[in-house]
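J.: Starting from these lines, generate the structure:
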Amino acid sequence: MHAKDDQSHSAEYHYNANGILTDATLSSGHARHYNYDGDLMIAIADENQNVLVRNSYVNHWLVQQDFGNGEIYSYGYTSSDGPYAASATVTLPDGTRTIVEAASSVPQARKHPPH
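T.: As a prediction, the model looks like this:
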């Protein structure tokens, strides 16, 4: 797929057979390559094959993002009554933690799917 803005900047997007984005290249020459394990994005690399971020998962839940510059973010989750997290605890590179409440942002259709 090719896209162009009103200033003649363009981007080329490539997808795999499952419709998942694998590459994006800008007219400036900057590019991103996306690697997956199934449907989980495990790494993003730039046009020089430098890894920008590496994602780690446990049971399909994102648990860590390593940005390769020493910055590592970790994620923990509290369960809910359904197939979504009620909240997520984000541990920042400096060790501080932030709790993000998620349950209120989950659509009702996801909370109570039709049987």
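J.: List phi and psi for residue 67.
T.: Here is the backbone geometry of residue 67 (degrees, to the nearest 10): phi -90, psi 0.
J.: meant to ask about residue 103
T.: For residue 103, the backbone dihedrals (degrees, to the nearest 10) come out as phi -60, psi -40.
J.: Am I right that it is in contact with residue 84?
T.: Yes - at 7.3 Å, residue 103 and residue 84 qualify as touching, with contact defined as Cβ atoms under 8 Å. Yep, even glycine has a C-beta here, placed from its N, CA and C like the rest.
J.: Which elements pack onto the helix or strand residue 90 falls within?
T.: Element membership for residue 90, per DSSP states H and E: strand 85-91. Packing partners of strand 85-91 (3 or more Cβ pairs under 8 Å, 6 or more residues apart in numbering; DSSP states H and E): strand 72-79, strand 97-101.
J.: Make TSV from those and add distance to residue 48, mean pLDDT and mean neighbour count to it.
T.: Formatted as TSV, those follow (distance: least, Cβ to Cβ, whole Å; pLDDT from 0 to 100; neighbours: other Cβ atoms under 10 Å):
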stretch	distance to residue 48	mean pLDDT	mean neighbour count
strand 72-79	22	95	15
strand 97-101	32	94	11
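J.: Make CSV out of the ones you listed and add distance to residue 61.
T.: Listed next are the helices and strands packed on strand 85-91 as CSV, based on distance: least, Cβ to Cβ, whole Å:
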stretch, distance to residue 61
strand 72-79, 6
strand 97-101, 14
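J.: could you pull out the helices for the protein?
T.: Here the chain has its helices, by DSSP state H, at 108-111.
J.: which regions of it sit below the pLDDT cut-off?
T.: 110-115 (pLDDT under 70).
J.: what's near enough to touch the residue positioned nearest the centre of it?
T.: Residue closest to the mean C-alpha point of the chain, counted by Cα atoms, centre = their mean, is residue 41 at 6.4 Å. Listed by Cβ atoms under 8 Å, 6 or more residues apart in numbering, the contact set of residue 41 reads 34, 35, 55.
J.: again, 6 Å this time
T.: 34, 55 (Cβ atoms under 6 Å, 6 or more residues apart in numbering).
J.: which residues does it bridge with?
T.: For residue 41, the beta-bridge assignment (DSSP bridges) gives partners residue 36.
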